[in-house]
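>>> please work out how this folds:
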Amino acid sequence: MNKISNLWQKIIDLGYTEDLSYINRIRLKILNQQGFYVVIIVLLFILKTILENEDDIILLFIILLLSFGVNFLNYKKKYLTAKIYWMTFFPALMMGMITLYGSALRGEVTFFIFLVTALIFFDRKILRYIFVAFAITLFLISIFYTKNFESPYASITDEIDTILIFLITALCMAAIINTFSSELRKHIKNLEVNNVKLTTAYEEIERFAYISSHNLKTPIRTIRSFTDLISRDLKREKTDHLEEYLDYIKMGSKQMQFLVNDILEYSKLNQTSEIEITAIDPNKLIQQVYSQLENISEKPIELTTHDLPIFHSNQTLVHVVFQNLLENCAKYNNNDTIRIEINYSLSKDNHIFSIKDNGIGIEEKYHGKIFNMFERLNNENLEGSGIGLAMNKKIVEKLGGQIWLSSALNQGSTFYFSIPNLPLLI
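Below you'll find the model as predicted:
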């Protein structure tokens, strides 16, 4: 069943490209379906002709070959030519069928399809008017002919022919209605999803604006206060505390720099550009982060890890996750020796990493809060912006995984994150 569904999807998507507009994608699907339905009906006419030994088999084979034209032109991405071909060849074909087989064929109703498709296939009004007028003209010619002249194949027209003509009409109209309704449902669903995303983004922006302004006030106030003190002391020709004041100013500016840099990095994660997937060796990646951390840490760090398997994801983003988590292990730790343990497990769909430390821990009531921007629950005097864990959450979710933790106050923390188990690249 899946094979049939996949084959059908390939048929209706013949000639599909990403740069097609939304309405042109709908037109392409409708046209491919209608072209395919015509081929099926003509094949049924041929089968009936063979079974009944009728003498119009050559004509039907010619029609069959010409009926492939729509799908072939779409496959070659000649979209306008395909639509014009549909709007000229098939109305002319139906007029010919009616004149050959007579009014008993009930083929006149098929012209309703061409009137509808003329209105939905073309953006330019002049083309709509031309093809609507063309379809109406051929309809009137067929009616005039059957009323005034005898059709050469009228004697072999029967109920099966009428049923087949009705069937092609019903299928083509169903293609139009079903495609528009299904695409409309998809569009509404996408709008609902985007509405949720916009609401979330709006709430995040509000929170971002409020908390970032609050966080920026402190270093700005520090800089302002100590520049006023320097100005006051210089007027009094006192320089005893200048170095101390300058240290406070440097500390405030450094904190502002942390905030601005991290905010910029966080904002980049909202970009919708495609993520490059490559093979990642987590052993080398963790060793790089550990070496950097060891060089700047004032305490010894004991890292315990195991031989981790290569997996596929975005190396830059995964590096940031490990870096932020390992830095937090060292930063929020009051012990003389920092101990970090990295473990790994593989579930059905995900690689799961855990990073355990012997740090100060986090109370359970704060486990949800720490992934919000600017949340720094433990020590406001430590360097940092409070964006690291929020950035990790955004990255992991962007990669298709999740992040969570297990922790208790004064008992260390274990952070877990999952990365989808993507198929190996060849």
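
>>> just the strands from this structure, written as ranges.
Assignment of strands within the chain using DSSP state E yields the ranges 278-280, 301-304, 311-313, 338-346, 350-357, 403-407, 413-420.

>>> can you name the residues in contact with the first one?
Think strand 278-280. Contacts with strand 278-280, where a contact means Cβ atoms under 8 Å, 6 or more residues apart in numbering, come from I310, F311, H312, S313, N314, Q315, V318, L425. In short, each C-beta sits where N, CA and C put it, glycine included.

>>> on that earlier part again, mind putting the strands of the chain in JSON lines, distance to Y75, mean pLDDT and mean neighbour count included?
Below are the strands of the chain laid out as JSON lines (distance: least, Cβ to Cβ, whole Å; pLDDT from 0 to 100; neighbours: other Cβ atoms under 10 Å):
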{"stretch": "strand 278-280", "distance to Y75": "34", "mean pLDDT": "89", "mean neighbour count": "14"}
{"stretch": "strand 301-304", "distance to Y75": "57", "mean pLDDT": "90", "mean neighbour count": "14"}
{"stretch": "strand 311-313", "distance to Y75": "33", "mean pLDDT": "89", "mean neighbour count": "20"}
{"stretch": "strand 338-346", "distance to Y75": "42", "mean pLDDT": "92", "mean neighbour count": "17"}
{"stretch": "strand 350-357", "distance to Y75": "39", "mean pLDDT": "92", "mean neighbour count": "20"}
{"stretch": "strand 403-407", "distance to Y75": "45", "mean pLDDT": "90", "mean neighbour count": "18"}
{"stretch": "strand 413-420", "distance to Y75": "34", "mean pLDDT": "92", "mean neighbour count": "20"}
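
>>> closest one to F121 among the ones you listed?
F121 lies closest to strand 413-420 among the strands of the chain, at 40.7 Å (Cβ to Cβ).

>>> what's the closest one packed up against?
Strand 413-420 is packed against strand 311-313, helix 315-331, strand 350-357, helix 388-398, strand 403-407, with contacts defined by 3 or more Cβ pairs under 8 Å, 6 or more residues apart in numbering; DSSP states H and E.

>>> neighbouring contacts of that strand?
Taking Cβ under 8 Å, 6+ apart as the criterion, the residues outside strand 413-420 that touch it are 311, 313, 318, 321, 325, 328-329, 332, 347, 349-357, 359, 361-362, 392, 396, 399-407.

>>> got the domain ranges for the protein?
Following automatic domain parsing, one gets these domains for the chain: 2-195, 276-426.

>>> tabulate those domains (CSV), appending distance to M256.
Converted to CSV, the domains of the chain look like this (distance: least, Cβ to Cβ, whole Å):
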stretch, distance to M256
domain 2-195, 34
domain 276-426, 9
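
>>> rank these by pLDDT, which is bottom?
Note on the domains of the chain: lowest mean pLDDT is at domain 276-426, with a mean of 82.

>>> can you give me the helices for the protein?
2-12, 22-52, 57-67, 69-75, 79-101, 111-121, 125-148, 159-235, 242-268, 282-296, 315-331, 388-398 (DSSP state H).

>>> format those helices as CSV; extra columns: mean neighbour count and distance to G368.
Listed next are those as CSV, based on neighbours: other Cβ atoms under 10 Å; distance: least, Cβ to Cβ, whole Å:
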stretch, mean neighbour count, distance to G368
helix 2-12, 11, 40
helix 22-52, 18, 38
helix 57-67, 15, 61
helix 69-75, 20, 51
helix 79-101, 20, 51
helix 111-121, 19, 50
helix 125-148, 15, 57
helix 159-235, 14, 14
helix 242-268, 15, 19
helix 282-296, 15, 26
helix 315-331, 20, 17
helix 388-398, 20, 11
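
>>> reformat those helices as JSON lines; add distance to F417.
Formatted as JSON lines, the helices of the chain follow (distance: least, Cβ to Cβ, whole Å):
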{"stretch": "helix 2-12", "distance to F417": "33"}
{"stretch": "helix 22-52", "distance to F417": "36"}
{"stretch": "helix 57-67", "distance to F417": "55"}
{"stretch": "helix 69-75", "distance to F417": "44"}
{"stretch": "helix 79-101", "distance to F417": "45"}
{"stretch": "helix 111-121", "distance to F417": "48"}
{"stretch": "helix 125-148", "distance to F417": "55"}
{"stretch": "helix 159-235", "distance to F417": "20"}
{"stretch": "helix 242-268", "distance to F417": "17"}
{"stretch": "helix 282-296", "distance to F417": "12"}
{"stretch": "helix 315-331", "distance to F417": "6"}
{"stretch": "helix 388-398", "distance to F417": "5"}
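
>>> figure out which of the ones you listed is closest to N343.
N343 lies closest, by Cβ to Cβ, to one member of those: helix 282-296, at 11.6 Å.

>>> contact partners of stretch 112-124?
Here stretch 112-124 makes contact (Cβ under 8 Å, 6+ apart) with 27, 30-31, 34, 83, 86-87, 90-91, 94, 127-128, 131-132, 134-136, 169, 172-173, 176.

>>> test my guess that L20 contacts D13.
No - applying Cβ atoms under 8 Å as the test, L20 and D13 come out as separate, 10.4 Å apart.

>>> OK, contacts around the nearest residue to D281 once chain neighbours are set aside?
Leaving aside its sequence neighbours, D281 sits nearest to I310 (Cβ to Cβ, 6 or more residues apart in numbering; 5.3 Å). By Cβ under 8 Å, 6+ apart, the contact list for I310 reads A279, I280, D281, P282.

>>> hmm, back to that, between the contacts of strand 278-280, which is nearest I286?
Distances from I286 to the contacts of strand 278-280, taken by Cβ to Cβ, are shortest for V318, at 10.2 Å.
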